[in-house]
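> With the sequence up front, the predicted model follows.
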Amino acid sequence: MSTVVETIGLTKRYRDLTAVNGLNLKVEQGEVFGFLGPNGAGKTTTILMLLGLTEPTSGQALICGFDPTQQPLEVKKRVGYLPENPGFYEDLTGCENLLYIARLNRVSDPEANQRISRLLDQVGLSSDGDRPVREFSRGMKQRLGIAEVLIKEPQVLILDEPTLGLDPDGAVRILELITQLSRERGLSVLLSSHLLHQVQQICRRIGIIVKGRMIVQGELDKLGSAILKERQWNFLLEVAGQADGIERELSLIGGVAEVERRGGGWRLRCTRDVRPELVSLLTKKGLSLLQLRSEDPTLEEIYLKYFREA
Amino acid sequence: MSVVFWKELADHFGSRRFMILLAIIVLTGLWATYSAGQTIRQDAENMPTEFVFLLLLTSQSGALFPLATFLGFLGPLVGITLGFDAISGEYARGTLSRVLSQPIYRDSLINGKFLAALATVAIFWASILILVIGLGISLLGFPPNAEELWRMLIFTLIGIIYVGFWLALALLFSILFQRTVTAALGSLALWLFLAIFVWMVAKLASGLVVPNPSTPEQLVQQTNIETIISRFSPSTLYSETVHILLNPVARAFGPVLQEQLAGILPTPLALSQSLLLILPHLSTLFALVAVCFGISYVKFMRAEIRA
């Protein structure tokens, strides 16, 4: 696998603010990389530097081996960029907007028309291509944006908050489209977002940026198990029947550090696997078990952990 | 660049504001020419025998401005209208970062936009000229001669350059201010200042330097100061240029002393002589366009595009 996007000590300083501070980032060929961070962490600034839309104060970015400040055109030929809230020429139709972008990429008109009808079909806009964009809903614009970045047949997609402000159904459809594209065409995708569960669904590797610094970067599973190792066992327990006073007995089991009421059940923080003891206790008390499950580390946990450490 | 050019040109011609401007200027222009033509017909004995056609553009009839002045006044408006949202509008719509992430150089975007607007203006001006010539032939009953045609053609070219300056200025403002409204108001304010207030400033300043002119020398000095200050405005440059070009008899800018006129025959100048006279003005106008464009380049090439 080769590296498609790489930054080395990328830094951007505004007058009195360091927006991005010594950022090192790597995106491999064909993967979907989740670029996470709270609002104002420097995600968009990093993306702008990757595209040569703003110049880094120091450090270097390389996309497919090209430096965006030195050879912007080579980079822009290979990268499809979907900004946050993509705007279109409202008086033109969806097709005309796409055609303009295709022409800017020197795609010949017959070829462009073929690609447009194929892409509109793919993003589910084939019946709306001849309507002016001003009549488009937000989700439609977002999908048109995806079609637009694909029209130049890029090697890398950079998507800035592609699901922001979409309804859940629309968001899922966009995410499915992205995964499908990445799989079918071997596209590398850099997906910036602060919506964690969505990133968790489609990204294999993530990087978390806080206050301009990349705090952690790596595969989602490995980051999860790293957290799993140091943290205690957490269980969620729910029972049916007369459960008065069970809290005290639960806390008496060796290894249970904390019992906390949560919803209809309890959340147990333990230092070891106490599931056998739990089950035998419940049987002794004549209670029936509704659910007992261990909490897997979610991205949210990973995120919060590193976010707090920063 | 040609892609941007054709798209912008199509946008201009399809836009509503262009239609409105076109309607205003063509209607008023036609009316001005028509009434000038009527005046010439009614007062034919007192008219000079040469360059009658040019009178269509310059003679004042009743309350209406002559066409040349009129175009000089509305030209900046056309330029500003076509230019003020060139870049700021793309910002506002969020299209700028999308367009600039395509494999084109940034300057081809500005160049394409500027040239498309300039082409629009040129088509505009040329069609007005053709209308005037047509109307003139039917009103006066004879066609313009070659020199009149040449002078009108050059008048059109100068008009295009003049509007080009306002276009470049509006483009600059649209880059400096990311908000469309600010860009529009900024260019309009500068236009008002340069077209109207500069005269007052010139009068005021010359009055301060030479308070009560009593000798001819002082009077000349006062007028000179006034001229110099007012020539900072491209509007002055334009109106002086047009004056010389459309009045072949005119042979100098500003006031002329009695002694200077001694021995001069009141014959019209040859076209080349008139051109020689306006050459400094023309090159200044050109330079102004270049300066505006230069600043736009410097600003835009390195600007951060965060839409």
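Received it, and whenever you're ready, just let me know what you need. Numbering: from 1, shown residues only, chains lettered A, B, ... in the order given.

> Can you pull the poorly scored residue ranges out of the chain?
The chain I'm using is chain A. For chain A, the stretches with pLDDT under 70 are A:1, A:226-232, A:296-299, A:309-310.

> not what I meant, chain B
B:61-63, B:307.

> Next up, the contacts around A:Y306.
A:I208, A:V210, A:I215, A:V216 (CB atoms under 8 Å, 6 or more residues apart in numbering or on different chains). (Glycine included, C-beta is placed from N, CA and C.)

> which bits of the stretch 201-307 of chain B sit near chain A?
Within reach of chain A by CB under 8 Å from any CB of the partner chain, the stretch 201-307 of chain B has these residues: B:R302, B:E304, B:I305, B:R306, B:A307.

> pretty sure the first one contacts A:T69?
Spelled out, it's B:R302. No: assessed by CB atoms under 8 Å, B:R302 is found out of contact with A:T69, at 10.5 Å.

> Now for these two: what residues contact both?
Joint contacts of B:R302 and A:T69 (CB under 8 Å, 6+ apart) are A:E55.

> Which single residue of the stretch 201-310 of chain A approaches chain B most closely?
Nearest residue of the stretch 201-310 of chain A to chain B (CB to the nearest CB) works out as A:G212 at 15.6 Å.

> next one: phi and psi at that residue?
Dihedral pair for A:G212: phi 80, psi 0, per degrees, to the nearest 10.

> helices or strands next to the longest helix along chain A in the packing?
Assignment by DSSP state H gives helix A:168-185 as the longest helix of chain A. Applying 3 or more CB pairs under 8 Å, 6 or more residues apart in numbering or on different chains; DSSP states H and E, we find helix A:168-185 packed against strand A:32-36, helix A:138-150, strand A:156-160, strand A:188-193, helix A:196-202.

> Quick check: which of these is nearest to B:G112?
With respect to B:G112, and counting by CB to CB, the nearest of these is helix A:138-150 at 19.3 Å.

> chain center to that closest one: distance?
Chain-centre distance of helix A:138-150: 18 Å, with CA atoms, centre = their mean, to the nearest Å.

> tell me what it is packed against?
Using 3+ CB pairs under 8 Å, 6+ apart, helix A:138-150 sits against strand A:79-82, helix A:94-104, helix A:109-122, strand A:156-160, helix A:168-185.

> What about the contacts of A:Y306, which are in strands?
The members of the contacts of A:Y306 that map onto strands under DSSP state E are A:I208, A:V210, A:I215, A:V216.

> Taking the residues you listed, please make a ChimeraX selection of just the buried ones.
Filtering the ones in strands among the contacts of A:Y306 down to the buried ones (16 or more other CB atoms under 10 Å in any protein chain shown) takes a single ChimeraX command:
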select /A:208,210,215,216
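
> Tabulate the ones in strands among the contacts of A:Y306 in a markdown table, adding columns for distance to B:L27.
Converted to a markdown table, the ones in strands among the contacts of A:Y306 look like this (distance: CB to CB, whole Å):
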| residue | distance to B:L27 |
| --- | --- |
| A:I208 | 64 |
| A:V210 | 63 |
| A:I215 | 66 |
| A:V216 | 69 |
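
> of the ones in strands among the contacts of A:Y306, closest to B:I40?
Nearest to B:I40 among the ones in strands among the contacts of A:Y306, with distances taken as CB to CB, is A:V210, at 78.7 Å.

> Run through the bridge partners of the closest one.
Bridge pairing for A:V210 (DSSP bridges) gives the partners A:R213.
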